[in-house]
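1. pasting the sequence and the predicted coordinates here, then a few questions.
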Amino acid sequence: MKIARDLDTLRPLVAGWTAAGARVGLVTTMGALHEGHMALIRAAREGSDRVVATIFVNPTQFGEAADLASYPRREDADLAMLRAAGVDAAWLPTIDHMYPGGPDTFVAVPSLEGILMGATRPGHFRGVATAVAKLLNGVGPHAAWFGEKDFQQLALVRKMVRDLLMPVAIHGVPTVREGDGLALSSRNARLSAADRAAAPVLHRALLAGRAAVERGAAAAAAEGAMARVVASEPRAALASADCRDAATLAPVDGRPASEVVLLLAARFGEVLLIDQMTAEPPTPEEPPS
Ligand SMILES: Nc1ncnc2c1ncn2[C@@H]1O[C@H](COP(=O)(O)OP(=O)(O)OP(=O)(O)O)[C@@H](O)[C@H]1O
Ligand SMILES: CC(C)(CO)[C@@H](O)C(=O)[O-]
Ligand code: BAL
């Protein structure tokens, strides 16, 4: 596996592969890798001839300096995991390479960046869109893979790529979970033992929300069902519980007519965890013929 820190190293490598007819796939990460990231790498390997993985803790998507400072960094272990997973090149850009002269030019997706998690973390998605645009431009892949756990991020990246006519396919990968249902996340390592034991309440709440949607309940009732399950866990502080149209993230009035996504965010101590699940409403009864 090649390791590149600047574009002068990365670009000739990718250009050589592309010239030889290889399809180059991309997986972007912020490091502290786990099995969720490995699922993205496996999907990228299946859909590409060469895979580039990036590790970059992007400062412009962090609101609180403390969150950025405490973000886990484990470069040696991460590189060993990428190598073992068959990644062809790891790109670890420096802050100066990503933001020469400091952050100035940004990519905005106003319809998606201020809602849901964007309301809880102002500025976060502008930073994500900007970093992803730069990583896509740096590598020039035929396709890139993102986790459904960060559902709003995936929707935002799809929209940005469509709106900016970027020649890349965006693929979603289902959320990888621990045996007790907790979605794998780099942030889980920051949970106390008691909060770690409490955190699977998010998954149970999503299952309750999905059951409500599948019974034909209104979106507000599914949101209420999720909120009640989270409230039953004293260590969890609910940040948001939403039932939205899965394709557009628009609010749903009354009973959903098509696939929805249930989105949950809750704090366990200082740690904000998110999770999501899609759900299909029951098909309406066929009118008698
Ligand atoms: N459990 C998971 N299953 C599938 N994909 C995941 C999972 N966790 C993260 N990903 C995906 O991995 C990519 C890189 O995410 P990132 O490096 O921020 O990891 P993370 O564990 O989500 O970290 P954080 O704690 O900041 O949320 C994103 O596309 C993200 O959606
Ligand atoms: C997509 C991403 C790499 C942008 O910094 C980050 O938000 C992440 O790891 O999910
Ligand atoms: N996985 C999303 C990155 C973040 O929370 O900043």
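-> Thanks, I have the structure now. Numbers count the residues shown, from 1 in each chain. Ligands and ions are numbered 1, 2, ... in the order given.
2. okay, buried residues for the helix or strand hosting Ala197 please.
-> Per DSSP states H and E: Ala197 is located in helix 193-198. Using 16 or more other CB atoms under 10 Å as the burial criterion, the residues of helix 193-198 that qualify are Asp195, Arg196, Ala198. Where C-beta positions appear, they are placed from N, C-alpha and C, glycine not excepted.
3. dump the residue contacts of the last one.
-> Yep, that's Ala198 we're talking about. If a contact means CB atoms under 8 Å, 6 or more residues apart in numbering, then Ala198 has Glu233, Arg235, Ala236, Phe268 as its contacts.
4. for Ala84, state which of these is nearest.
-> Nearest to Ala84 among these is Phe268, at 30.8 Å by CB to CB.
5. for the one residue in the stretch 151-289 of the chain that gets nearest to ligand 3, grab the count of nearby residues.
-> Nearest residue of the stretch 151-289 of the chain to ligand 3, counting by CB to the nearest ligand atom: Gln153, 6.0 Å away. For Gln153, the tally of surrounding residues (other CB atoms under 10 Å) stands at 21.
6. surely it is within a helix?
-> Yes - following the definition DSSP: H, G, I helix; E, B strand; the rest coil, Gln153 is counted among the residues of a helix.
7. wait, doesn't it sit right on Phe146?
-> Yes - at 6.6 Å, Gln153 counts as touching Phe146 under the criterion of CB atoms under 8 Å.
8. for the stretch 101-250 of the chain, which residues are neighbours of ligand 2?
-> Val128, Ala131, Val132, Asp150, Gln153 (CB under 6 Å from any ligand atom).
9. again, only this time at 8 Å
-> The stretch 101-250 of the chain has residues Gly127, Val128, Ala131, Val132, Leu135, Phe146, Gly147, Asp150, Gln153, Val157 near ligand 2, with proximity defined as CB under 8 Å from any ligand atom.
10. what's near enough to touch the last one?
-> If I follow you right, that is Val157. Contact analysis of Val157 by CB under 8 Å, 6+ apart lists Val128, Ala129, Val132, Ala144, Phe146, Ile170.
11. so what's Trp145 bridging to?
-> Val27, His171 (DSSP bridges).
12. now do the strands in the stretch 151-289 of the chain.
-> For the stretch 151-289 of the chain, the strands defined by DSSP state E, counting those that start in this stretch occupy 169-173, 236-245, 260-268, 271-279.
13. and those, which is most packed in?
-> For the strands of the stretch 151-289 of the chain, average neighbour numbers computed from mean count of other CB atoms under 10 Å are highest in strand 260-268, which has a mean of 23.
14. could you dump it to PDB, C-alpha only?
-> Listed next in PDB are the C-alpha coordinates belonging to strand 260-268 (Å, rounded to 0.1, in the frame of the first residue of the first chain):
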ATOM      1  CA  VAL A 260     -39.000   7.100   5.400                       C
ATOM      2  CA  VAL A 261     -35.800   7.300   7.300                       C
ATOM      3  CA  LEU A 262     -35.800   7.500  11.100                       C
ATOM      4  CA  LEU A 263     -33.000   9.700  12.500                       C
ATOM      5  CA  LEU A 264     -32.000   9.800  16.100                       C
ATOM      6  CA  ALA A 265     -29.400  11.800  18.000                       C
ATOM      7  CA  ALA A 266     -28.700  11.600  21.700                       C
ATOM      8  CA  ARG A 267     -26.000  12.700  24.100                       C
ATOM      9  CA  PHE A 268     -24.400  10.300  26.600                       C
END
